[in-house]
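Student: Predicted model and sequence follow; I will ask about them next.
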Amino acid sequence: MPRAYAKATSTLLAGLLFTAPALGTATEVVTSIKPLELLVRAIASDDVRSSTLVPAGSSPHTYSMRPSQRRALENADVIFWVGPDVESFLDRLLQGDEFRDRTVAFMTEDTHADEEEEGHDDHAGETHAHDHGDGEDPHVWLDPVLALGMAKEIHETLSGLEDADRATLDQNLARFETSLAETESLIREKLAPTHELSLFAYHSAFTRFAGHYGLSLEDVLTLNPELSPGARHVAEVQSKLRKANHPCLLTEPQFNRQWWTSITEGLDVTFSTWDPLATDIEVTADGYRAFQLSIAEAVLKCLPENTEH
């Protein structure tokens, strides 16, 4: 072999050996639902790759995981989920020996204590209690106060990984906190005309957002999306709808519209669709901000001048 060729080949091989590990250095993060991925993207550096298990149009309450998604969990460096009250399909798996050390649950026994410590109860609105179980409302990602706490936990988790870009993580967290405060002020201004409305929701997912912004959530059609409501509860909701001031029902795209249409038949009710799973929101660093604004826009559509019966 000519000396020049051999030298060039050796140099090329050395370069390949040096750069090969870099191909596998990206941190793999798997989230159970898309809103959690929005929070990850707000905090993570560019070398973090993220994905979501529950696809568009599906409910985390009733989802069945595919074998390929099990493999994604096996390859993940970190797995973020809310907890068994939301993603029951992950409960046994993530609390097993294989995944426990790589998993972060945001809804834990300490969640309620953390809320009280941060003054979350000061934002409590007229809302209906959640009934997925005996604990706190698990839709924690919908309240920006709790979302900031989740972002801080994501920051702490990613900062603890080997080769983490801590400077970028710090910058991203500070940027997210500033953006969150600005977005909250904007939403409060936008929602000011809606406080006289009587809002109803399909199920209690809307409770966190309504409570934070002081909206009047009169009731929910079903206390548990996994179960059909009893006749007595349906009758109570219908009675409230008849007496309400500009009643508006906030529906969700993950559930069958025909069901709540039958309950409200013959009643003067307006409809607006909001999506607690952020299906149409682009996964970017500003995705959570867009998500919160999309919920506010859904409420604004309940105003008499903006609605269709």
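Tutor: Here it is on my side, so go on. Numbering: from 1, shown residues only.
Student: sec struct for I295, please.
Tutor: Using DSSP: H, G, I helix; E, B strand; the rest coil, the structure places I295 in helix.
Student: Number of residues surrounding it?
Tutor: 21 (other Cβ atoms under 10 Å). Bear in mind the C-beta positions are built from the backbone N, C-alpha and C, glycine included.
Student: Could you verify my assumption that it touches F209?
Tutor: Yes. I295 lies in contact with F209 (Cβ atoms under 8 Å); the separation is 5.6 Å.
Student: Need the overlap of contacts for the two.
Tutor: L142 (Cβ atoms under 8 Å, 6 or more residues apart in numbering).
Student: T222 versus S50, what's the distance?
Tutor: 32 Å (Cβ to Cβ, to the nearest Å).
Student: so S64 makes contact with F89?
Tutor: Yes. Between S64 and F89 there is a contact under Cβ under 8 Å: 6.2 Å.
Student: Of the two, which one has the most company?
Tutor: Taking neighbours as other Cβ under 10 Å, S64 and F89 compare with F89 leading, 18 against 7.
Student: Over to that one. Which of the three states is it?
Tutor: helix.
Student: Return the residues in contact with it.
Tutor: F89 neighbours (Cβ under 8 Å, 6+ apart): P60, Y63, S64, M65.
Student: Just the closest of the residues you listed to A235, please.
Tutor: Nearest to A235, judged by Cβ to Cβ, of those is P60 at 29.4 Å.
Student: The closest one: how many residues sit nearby?
Tutor: 22.
Student: what do you get for R66?
Tutor: 11.
Student: can you give me phi and psi for it?
Tutor: phi -90, psi 160 (degrees, to the nearest 10).
Student: so L73 sits in a helix?
Tutor: Yes. Per three-state DSSP, L73 lies within a helix segment.
Student: Before I go, just wanted to say thanks for your time.
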